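Novice: Would you be able to build a 3D model of this:
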Amino acid sequence: MMPSSSDIFEHNVADFATVAKKIVDAGHFLLIVSKPRIACIQHLCAELERWKTSVLFRFTIGTLDQGVASAWEPNAPFIAERIECLKYAFDHGYRTSISMEPLLGDPRPVVEALYDFVTDDIWIGVMTARSSWINDIEDCHVKKLDEDTFHRVREYVDALKNDQKIFWKDSIFDFYV
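Specialist: Down below sits the predicted model:
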């Protein structure tokens, strides 16, 4: 899995592609996890074309609501751009996946809107580290996350539990029981 602790930006995408090609050229499968930027995904799709069967893109899309996303992920690409990246990779024959972690509300609208562009799986998990940085988030966003996510996890699991593409991160079960 790459990257594991940062993301892919235009200033490092060429280096990322170089390392990715070495990994897949050596016969390994590569999971690329990102809050993606379209220029980076276009670059990677072009560079990894030869190895596309060994590459899976997993894009983080925890909500379709840009206001919510901006509050919790202020420096991340807009949701519309992330969706554009998912569709781009899918249209270019790559395997695709979504990570809805952190889950920022009801997952069903995201699943419904993007399901046909996901070839593999959709992972759903709740925010696990609500540390001191949460004090920087406006109270209305924290309250909405609690009401729309944490207190409704059982409803979401029950609604989506039979879908073969949906997988639940361990964090979900802390709220499910």
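Novice: lowest-confidence helix or strand of this protein?
Specialist: Within the chain, no helix or strand scores below helix 139-148, which has a mean of 59 by mean pLDDT, DSSP states H and E.
Novice: Residue 151: neighbouring residues, count only.
Specialist: By other C-beta atoms under 10 Å, 11 other residues sit near residue 151. The way it works is simple: take the backbone N, C-alpha and C, and place the C-beta from them, glycine included.
Novice: What residue in the chain is the furthest from its centre?
Specialist: residue 26 (26.2 Å; C-alpha atoms, centre = their mean).
Novice: which residues in this structure form helices?
Specialist: 13-25, 38-47, 66-72, 79-91, 108-114, 139-148, 153-160, 170-176 (DSSP state H).
Novice: now the first one and helix 38-47, what's the angle there?
Specialist: Using axes from the mean of the first three to the mean of the last three C-alpha atoms, to 10 degrees, the inter-axis angle of helix 13-25 relative to helix 38-47 is 40 degrees.
Novice: Just the buried residues of helix 13-25, please?
Specialist: Of all the residues in helix 13-25, those buried under the rule 16 or more other C-beta atoms under 10 Å are 13, 16, 17, 20, 21, 24.
Novice: Out of the residues you listed, give me the two with the largest separation.
Specialist: Greatest spatial distance in the buried residues of helix 13-25: 13 and 24, 15.9 Å, computed using C-beta to C-beta.
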